[in-house]
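Trainee: build the 3D model from these lines:
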Amino acid sequence: MGLEHEFYLIPDTVNVNQIWKLRKNNNVIESVRIHDDIIQYIMDSLNWIPSKNPSTSGNLNRKGLNYYGETLFEQQSSEKIIAIFTSWKDLFRNGPKVLKLRGNFVYGEDDEDGEYEKLIINRDELINKIEKMITMAEKLSEGNFYLYHLGI
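Mentor: Presented below is the predicted three-dimensional model:
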């Protein structure tokens, strides 16, 4: 299965200090898992989304994902999430059924050798996950919800 980022749509009545326990209870309305390779591929654009880190005191306003930890998106984040994921969906939709994307650069045995990883992705499966993110963000835009991200 590899490394995945988990996204959960939850009611805003959930105690954000205990949110990491949500996978064990019935507070989840919808969820989707997106492979780390895809998150890294689109990461620059995700850094434009307003967010909070529930693990820090005061939940200071931030932007983007807490890659290794928790991220909380509120109603004000929904517009950017919808726009960014819709743009990626439209872009990927124009690709072949099997997307061959360039991943991270991996160094060889010495620092002069290396190559880019080759990501082989089923386009339709990826688009389904992106559409799920858009659906959750649309629900987030209505208020009374959080979109919770759990990093790798």
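
Trainee: need the distance between the two termini of stretch 57-67.
Mentor: End-to-end distance for stretch 57-67: 18 Å, by C-alpha to C-alpha, to the nearest Å.

Trainee: need the strands for this structure, in chain order.
Mentor: Taking DSSP state E, the strands of the chain run over residues 4-11, 30-35, 50-52, 61-63, 70-73, 98-107, 114-122, 145-150.

Trainee: mean pLDDT for these: which is lowest?
Mentor: Lowest mean pLDDT within these: strand 61-63, a mean of 86.

Trainee: tell me which residues of that one come out buried.
Mentor: Across strand 61-63, burial judged by 16 or more other C-beta atoms under 10 Å covers residue 62. Every C-beta, even on glycine, is put in place using the N, C-alpha and C of the backbone.

Trainee: same thing with stretch 92-103?
Mentor: The neighbour-count check on stretch 92-103 (16+ other C-beta under 10 Å) flags 92, 99, 101 as buried.

Trainee: now swap in stretch 34-47 and tell me
Mentor: 34, 35, 37, 38, 39, 40, 41, 42, 46.

Trainee: my read: the third one touches residue 119, true?
Mentor: So the one you mean is residue 37. Yes - when contacts are counted by C-beta atoms under 8 Å, residue 37 is listed as touching residue 119 (5.1 Å).

Trainee: need the residues touching each of those two.
Mentor: Both residue 37 and residue 119 are contacted by 101, 103, under the criterion C-beta atoms under 8 Å, 6 or more residues apart in numbering.

Trainee: state which helix of the protein is the longest.
Mentor: Counting residues, the longest helix found in the chain (DSSP state H) is helix 123-141.

Trainee: buried residues, that helix. List them.
Mentor: Result for helix 123-141 [16+ other C-beta under 10 Å]: buried residues 126, 127, 129, 130, 132, 133, 134, 136, 137, 139, 140.

Trainee: coming back round to it: make CSV from the strands of the chain and add distance to residue 86 to it.
Mentor: Converted to CSV, the strands of the chain look like this (distance: least, C-beta to C-beta, whole Å):
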stretch, distance to residue 86
strand 4-11, 16
strand 30-35, 15
strand 50-52, 17
strand 61-63, 19
strand 70-73, 16
strand 98-107, 17
strand 114-122, 18
strand 145-150, 15
